[in-house]
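>>> sharing a model that was predicted from the sequence below.
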Amino acid sequence: MTDRSDIEELIGKVALGDRAALAALYDATSGKLFSVCLRVLKSRPEAEDALQDVYLRIWAKADRYAVTGHSPMTWLITVARNLAIDRLRAKKRNHVDLDSVGELVEKRPGPEAASIATSEQRRISACFEELPPDRADAVRAAYLDGATYQALADRFDVPLNTMRTWLRRSLISLKECLSR
């Protein structure tokens with residue numbers, strides 16, 4: 001266990017840029033500083049991230065440590081506690097209170113619109129049932145799947161103009177069916 005003078009000496013060496021001293025300081029104090037971060041943040045992953053930031057801050061500000069007769073652990077704990085509190089405050093700032101958001105608008109259709117859409121889908125399906133199966137498949141492939149007339153003519157083994165006629169007449173039949 002390192003005593004007070006050892007920690008003060010390590011902080012002094014860290015202030016001079018001694019990486020080995022920072023590693024030794026970490027070994028000597030990380031358990032205590034981690035528990036401080038964990039107590040404030042109440043999350044192990046958050047506390048681990050905060051502990052890393054604590055030692056970065058110690059590295060950057062070790063020259064500001066002054067031997068005052070107080071324990072050097074007091075200074076280290078203060079650095080850790082303040083950093084953990086800063087992280088906690090930043091996290092709360094990013095939190096949105098649902099009461100302050102206002103009214104949330106539902107983007108999906110309501111029950112009435114969904115019922116109407118289901119009814120329309122049934123009507124369209126019934127009209128498709130009135131078409132011959134190959135014509136219904138051709139219409140679905142052309143207008144829902146984006147198949148070209150030529151690809152459909154090849155698929156159904158008919159001339160291109162016949163496929164155009166199938167599709168035109170099928171659309172007319174669907175229109176008449178839906179208008180009933």
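Yes, it's here.

>>> report how many residues lie close to Ser125.
By the criterion of other CB atoms under 10 Å, Ser125 has 10 neighbours. Where you see a C-beta, it was placed from the backbone N, CA and C, and this is true even at glycine.

>>> name the helix or strand for it, please.
helix 111-130 (DSSP states H and E).

>>> same for that helix, what does it pack against?
Judged by 3 or more CB pairs under 8 Å, 6 or more residues apart in numbering; DSSP states H and E, helix 111-130 is in contact with helix 133-143, helix 160-179.

>>> other residues contacting that helix?
Contacts to helix 111-130, defined as CB atoms under 8 Å, 6 or more residues apart in numbering, come from residues 109, 136, 139-140, 173-174, 177-178.

>>> from those, which two are the most distant?
Distances among the contacts of helix 111-130 were taken as CB to CB; the most separated pair is Pro109 and Ser173, at 28.7 Å.

>>> show me the contacts for Ala28.
By CB under 8 Å, 6+ apart, Ala28 lies in contact with 1-2, 6-7, 10.

>>> what's the pLDDT at it?
Per-residue confidence (pLDDT) for Ala28: 93.

>>> ok, now Leu33?
In this model, Leu33 is scored at 94, pLDDT.

>>> ok, back up a step: now the contacts of Ala28: which count as buried?
Neighbour-count burial (16 or more other CB atoms under 10 Å) is assigned, among those, to 7, 10.

>>> in strands only, show me the contacts of Ala28.
Assignment to strands by DSSP state E places none of the contacts of Ala28 there.

>>> tabulate the contacts of Ala28 (JSON lines), appending distance to Arg87 and pLDDT.
Formatted as JSON lines, these follow (distance: CB to CB, whole Å; pLDDT from 0 to 100):
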{"residue": "Met1", "distance to Arg87": "29", "pLDDT": "47"}
{"residue": "Thr2", "distance to Arg87": "27", "pLDDT": "73"}
{"residue": "Asp6", "distance to Arg87": "29", "pLDDT": "90"}
{"residue": "Ile7", "distance to Arg87": "24", "pLDDT": "90"}
{"residue": "Leu10", "distance to Arg87": "25", "pLDDT": "92"}
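
>>> let's have the contacts of Ala28 in a markdown table, adding distance to Glu48.
Below are these laid out as a markdown table (distance: CB to CB, whole Å):
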| residue | distance to Glu48 |
| --- | --- |
| Met1 | 23 |
| Thr2 | 22 |
| Asp6 | 25 |
| Ile7 | 22 |
| Leu10 | 22 |
